[in-house]
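>>> Next one to model:
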Amino acid sequence: MRTKLLFLFISFFFSMQIKAQKMEHYKLEFPTSFILGKQDFLKSQIFISKKTLLENGYSISNPGKTNEKEKIALFSEGFNTDDINQIYYEIYANKLSATQESFYTVVLEFNSEEKLNINMRIVDEAGLYYPSYFTTDKYLIIIGCEDRNLLENISNFYTEKVGAQYYYPKKQQ
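Prediction:
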């Protein structure tokens, strides 16, 4: 009898722990949950400088967060900016060529999961595979990176940290 009670207690404990871990994925904080920051796989990368961004016509800080519609439009890949609350972005350069963009990540916070799904029709209609798109809840993560290894590391970071899933474009008939 004690063995059965002990087994039930252990089973209950582990099921509650697993449930709590899954719930953590749903407690996303914008932008904190999405910041790449100083990951080991980014040792050869630096943030592209404000000076370089200004020279290229972008009056933004890097990394940055904004709810200004004009700046959201710069990063929103043609999505309806009225459906987007705010964005967070990081633009990186390789340390060896600090003035050329190496990759970027942009997180778009939509008004709702429904608005995100409606906007993803743009990706489906165009059949876009680049940049890479990941979704979780009402967030869309856009990763523009041509280095396969780096893209895989960034993708793994977002799938493991926030539970994001790769968005595979659906061909429209």
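
>>> how close does the nearest residue to D82 once chain neighbours are set aside sit to S33?
Ranked by Cβ to Cβ, 6 or more residues apart in numbering and with sequence neighbours excluded, the top spatial neighbour of D82 is K69, at 7.9 Å. All C-beta spots, glycine's among them, are computed from the backbone N, C-alpha and C. With distances taken as Cβ to Cβ, to the nearest Å, K69 is found 23 Å from S33.

>>> between the two, which one's more packed in?
Taking neighbours as other Cβ atoms under 10 Å, K69 and S33 compare with S33 leading, 19 against 11.

>>> which residues sit in contact with the residue nearest to that one when sequence neighbours are not counted?
Leaving out its chain neighbours, the residue that sits closest to S33 by Cβ to Cβ, 6+ apart is V162, at 5.3 Å. Residues counted as contacts of V162 (Cβ atoms under 8 Å, 6 or more residues apart in numbering) are 25, 28, 33-34, 136, 139.

>>> Pull the most distant pair out of those.
Largest separation among the contacts of V162 by Cβ to Cβ: H25 and F34, giving 12.7 Å.
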